[in-house]
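Visitor: Provided below are the primary sequence and the corresponding predicted coordinates.
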Amino acid sequence: MLQSEKNSIPYPFMLFDSLNEGVYIVDTAWHFIYVNKRAAEIQDKPPEELLGKNIWELYPEAVETVSYSQAHHAVEKNIPVSYEIYYPLLETWFESRLYPCAEGLIILLQDISERKRQEETLQQSQARARRLIDANIIGVVISDMDHIFEANDAFLEIVGYTREDLAAKRINWIAMTPPELLPLDMNAIQELKEQGTFTPFEKAYYRKDGRLVPILIGGAVLEKDPLQWVCFILDISEQKTLEQALRESEERMRIALKGASITVYQQDRELRYTWIYNMQAHTVEDIIGKTDADLIEAEEAVYVTAIKRRVLETGQSYQEVVKATGIAGLRYFDLSIEPLHNGNGEVIGVTGTSRDVTEQVELEKRKDDFISIASHELRTPITVLRGYTQLLARQLDQQGIQEPVSMLKTMDAQISRLVRLVDELLDASKIQAGRLDYEEVPVDLDALVHETVEMLQASSPTHTLYVSGATLTVIPGDKDLLGQVFTNLITNAVKYSPQANSVDITLSSTKEATLVSIRDYGVGIASAHQKHIFDRFYRVYDSNNKSFKGLGLGLYIAHDIVKRHGGNLTVESAEGKGSSFTISLPLEK
């Protein structure tokens with residue numbers, strides 16, 4: 001046999017240099033007599049440093065390892081041996097194959113690190129799958145074309161079978177499936193064969209008790225030959241019940257809104273319409289994905305968008321009548337806007353209703369026009385009548401004729417009352433039209449309140465008007481209009497507390513605003529009325545369902561005047577315990 005000149009290695013061993021695995025040959029005294037190129041790379045040493053050296057002297061740490069015992073076992077028994085070993089210094093897994101030969105022992109080392117990584121990944125995946133199966137969060141089964149032969153408790157609970165049924169192979173997915181749904185299963189199996197998984201789909205199983213349970217099922221191939229697969233099954237009974245309830249709710253809403261000019265809608269955070277129902281002038285396709293800027297005139301859209309943005313930012317609902325000019329021309333809509341939340345409570349858009357109130361608005365406008373015209377027409381003859389009444393009373397008084405004078409004074413008081421009613425009607429019509437005159441000057445609030453109280457005290461002999469505190473502020477505002485507010489509130493306090501004998505007026509201030517509170521001890525206002533008392537023409541009823549005198553305009557006018565000043569008018573009241581009205585006015589506008 002030919003030998004290599006340098007190391008006397010049999011010539012056929014030189015063929016090992018072409019292998020992609022490490023090859024070592026040791027003689028019967030455990031000396032290296034051959035090291036191929038790959039083996040030298042594994043040891044990170046040139047072959048010359050290994051040849052002729054005793055393997056156990058060169059690597060004494062290996063004596064205590066499986067490599068030592070397996071090598072001696074192979075030589076003593078003269079049998080091939082194979083084992084896997086991890087080399088910490090190299091951070092590498094190897095498969096070691098040992099073959100006894102005449103020269104000694106052939107050692108083959110193959111790097112199997114990638115395979116071991118894949119095996120570890122597979123084991124981790126299998127462990128996760130087992131945890132998922134054992135956790136019983138969803139139903140998991142392993143099946144073939146005939147039977148379900150492994151299932152977790154969650155699946156058994158869904159279909160109502162027992163482990164005994166599973167062991168006896170009484171659970172057959174074909175038998176549990178309604179015949180009309182079997183084509184869905186056949187399509188899924190075909191998809192399994194072609195792609196290894198199938199797209200989750202909805203179907204149903206017959207439970208053991210005969211009831212039908214809706215499920216969502218998805219799956220993947222475990223073995224191709226014979227075909228086996230794992231399926232994940234989710235009971236969607238609750239979802240289907242909710243969907244049915246939603247359909248019934250939508251049907252009830254459809255019936256309720258049929259013929260009504262109310263549109264229900266939803267918009268996302270960009271205020272694009274995502275859902276809309278009961279459109280009046282558009283089709284749904286015209287609206288979805290668009291914003292108000294795409295549907296109505298620019299100036300109107302800016303205002304409506306600002307309202308909805310405020311709802312998004314504050315999370316507070318809002319209601320207002322707005323005008324909108326679109327394909328149906330100029331219309332008025334009563335918008336009711338609510339924040340739309342997701343499951344985590346985050347505001348993800350707005351939802352609400354839009355009711356066409358164009359006819360009502362036009363009717364109100366005609367009514368306002370009539371009230372304005374009538375008030376103007378009434379004011380002139382009333383002014384003349386009042387002038388002549390006062391003149392006649394003075395002349396008769398000078399002549400010493402007292403009996404008619406008393407009657408004329410009564411007549412003058414009623415005319416004054418009529419003038420106040422006409423003035424309220426005029427102010428209300430101006431407010432509605434946005435034409436209420438407003439002249440801003442510096443107003444000493446403390447002085448104005450004291451002047452008003454002094455004037456009203458003379459005409460209110462049954463009540464003492466107490467003023468306490470001070471604002472010590474001068475604010476920008478319309479003195480006459482603010483005086484009208486104080487007059488109205490104090491007059492109301494006297495009128496609605498007939499059994500009391502005092503009214504408290506309290507002045508105070510904060511860093512941002514001045515506060516004026518008028519407190520009476522009268523009949524109070526029921527909670528059901530409080531949210532409406534600032535509405536136009538709203539009149540409060542007492543516990544006997546009798547309304548108080550007046551047109552229901554005083555508080556409406558007062559509220560609008562305070563609002564015009566950038567302030568707020570609020571009420572706290574309890575029936576039978578009196579009321580407290582508080583005016584808050586900003587120090588700076």
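Guide: The structure has been received and is ready for your questions. These numbers were taken from a predicted model, which means no experiment stands behind them.
Visitor: every contact and neighbour count from this point should use C-alpha atoms.
Guide: Fine.
Visitor: against residue 297, how distant is residue 310?
Guide: Distance, residue 310 to residue 297, using Cα to Cα, to the nearest Å: 20 Å.
Visitor: no, scratch that, I was asking about residue 149
Guide: Residue 149 is 67 Å from residue 297, where distance means Cα to Cα.
Visitor: do residue 145 as well
Guide: With distances taken as Cα to Cα, residue 145 is found 64 Å from residue 297.
Visitor: ditto for residue 68
Guide: When Cα to Cα is the yardstick, residue 68 and residue 297 sit 90 Å from each other.
Visitor: also residue 306?
Guide: According to Cα to Cα, residue 306 and residue 297 sit 14 Å apart.
Visitor: SS state for residue 471?
Guide: Of the three states, residue 471 takes coil under DSSP: H, G, I helix; E, B strand; the rest coil.
Visitor: so it is in contact with residue 446, correct?
Guide: Yes - with contacts counted by Cα atoms under 8 Å, residue 471 reaches residue 446, the gap being 6.3 Å.
Visitor: tell me where the model's unsure across the stretch 51-200 of the chain.
Guide: Scanning the stretch 51-200 of the chain with the threshold set as pLDDT under 70 gives 122, 125-130, 132-133, 135.
Visitor: and the gap between residue 165 and residue 76?
Guide: 55 Å.
Visitor: mind giving me the domain split of the protein?
Guide: Recorded structural domains for the chain (assignment: automatic domain parsing) are 11-111, 128-239, 259-354, 361-433, 441-586.
Visitor: and the helices in the stretch 301-450 of the chain?
Guide: Assigned by DSSP state H, counting those that start in this stretch, the helices in the stretch 301-450 of the chain fall at 358-398, 402-433, 445-458.
Visitor: what's the local residue count around residue 225?
Guide: Counted with other Cα atoms under 10 Å, the neighbours of residue 225 add up to 6.
Visitor: ugh, wrong one, residue 352
Guide: 19.
Visitor: what's the answer for residue 475, then?
Guide: Neighbours of residue 475 using other Cα under 10 Å come to 21.
Visitor: give me the element it is part of.
Guide: strand 474-477 (DSSP states H and E).
Visitor: other SSEs contacting that strand?
Guide: Applying 3 or more Cα pairs under 8 Å, 6 or more residues apart in numbering; DSSP states H and E, one finds that strand 474-477 contacts strand 441-444.
Visitor: then the strand it packs on to PDB, C-alphas only?
Guide: Only the C-alpha atoms of strand 441-444 are listed here, as PDB (Å, rounded to 0.1, in the frame of the first residue of the first chain):
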ATOM      1  CA  VAL A 441     -67.400 100.800  28.700                       C
ATOM      2  CA  PRO A 442     -65.500 100.300  32.000                       C
ATOM      3  CA  VAL A 443     -68.100  99.200  34.600                       C
ATOM      4  CA  ASP A 444     -67.600  99.500  38.300                       C
END
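Visitor: what mean pLDDT does that strand get?
Guide: The average pLDDT within strand 441-444 is 90.
Visitor: in that strand, what's buried?
Guide: 443-444 (16 or more other Cα atoms under 10 Å).
Visitor: go on, stretch 214-228?
Guide: Residues of stretch 214-228 classed as buried: 214-215, 217-222, 228 (neighbour count, 16+ other Cα under 10 Å).
Visitor: of those, which belong to strands?
Guide: 214-215, 217-222, 228 (DSSP state E).
Visitor: let me know the pLDDT of residue 574.
Guide: pLDDT at residue 574 comes out at 86.
Visitor: quick one: end-to-end length of stretch 507-520, please.
Guide: Its start and end residues considered, stretch 507-520 measures 15 Å (Cα to Cα).
Visitor: just stretch 352-363 next, same as before
Guide: 25 Å.
Visitor: chain center to it: distance?
Guide: Stretch 352-363 sits 29 Å away from the centroid of its parent chain (Cα atoms, centre = their mean, to the nearest Å).
Visitor: list the buried residues of that stretch.
Guide: Neighbour-count burial for stretch 352-363 flags 352-358, 361 (criterion: 16+ other Cα under 10 Å).
Visitor: will you turn those residues into JSON lines that also has distance to residue 553 and pLDDT?
Guide: Converted to JSON lines, the buried residues of stretch 352-363 look like this (distance: Cα to Cα, whole Å; pLDDT from 0 to 100):
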{"residue": "352", "distance to residue 553": "30", "pLDDT": "87"}
{"residue": "353", "distance to residue 553": "29", "pLDDT": "87"}
{"residue": "354", "distance to residue 553": "28", "pLDDT": "86"}
{"residue": "355", "distance to residue 553": "26", "pLDDT": "84"}
{"residue": "356", "distance to residue 553": "26", "pLDDT": "84"}
{"residue": "357", "distance to residue 553": "22", "pLDDT": "84"}
{"residue": "358", "distance to residue 553": "23", "pLDDT": "83"}
{"residue": "361", "distance to residue 553": "19", "pLDDT": "76"}
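Visitor: those residues in strands, which ones?
Guide: Among the buried residues of stretch 352-363, DSSP E puts 352-356 in strands.
Visitor: so which of those comes closest to residue 267?
Guide: residue 352 (9.1 Å; Cα to Cα).
Visitor: not counting sequence-adjacent ones, nearest residue to the closest one?
Guide: residue 337 (4.5 Å; Cα to Cα, 6 or more residues apart in numbering).
Visitor: now the helices for the stretch 51-200 of the chain?
Guide: Under DSSP H, counting those that start in this stretch, the stretch 51-200 of the chain gives helices at 55-58, 66-77, 113-135, 153-159, 163-167, 173-176, 182-195.
Visitor: right, and those - which one's nearest residue 99?
Guide: Here helix 66-77 is closest among these (Cα to Cα), at 7.2 Å.
Visitor: and the closest one, what's buried?
Guide: Within helix 66-77, judged by 16+ other Cα under 10 Å, the buried ones are 67, 70-71, 74-75.
Visitor: can you check stretch 44-59 too?
Guide: 47, 50-55.
Visitor: include distance to residue 188 when you put the residues you listed into a markdown table, please.
Guide: A markdown table is the format used below for those (distance: Cα to Cα, whole Å):
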| residue | distance to residue 188 |
| --- | --- |
| 47 | 59 |
| 50 | 60 |
| 51 | 62 |
| 52 | 65 |
| 53 | 64 |
| 54 | 63 |
| 55 | 59 |
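Visitor: just name the closest of those to residue 291, please.
Guide: Nearest to residue 291 among those: residue 47, at 78.2 Å, using Cα to Cα.
Visitor: so that closest one sits against residue 35, correct?
Guide: Yes - if you go by Cα under 8 Å, residue 47 and residue 35 touch, sitting 5.8 Å apart.
Visitor: what are the buried residues along stretch 34-43?
Guide: Under the neighbour-count criterion of 16+ other Cα under 10 Å, stretch 34-43 has 34-40 buried.
Visitor: average pLDDT across that stretch?
Guide: Averaged over stretch 34-43, pLDDT sits at 87.
Visitor: next one: it to chain centre, how far?
Guide: 66 Å.
Visitor: repeat for stretch 239-253
Guide: Counting by Cα atoms, centre = their mean, stretch 239-253 comes out at 21 Å from the chain centroid.
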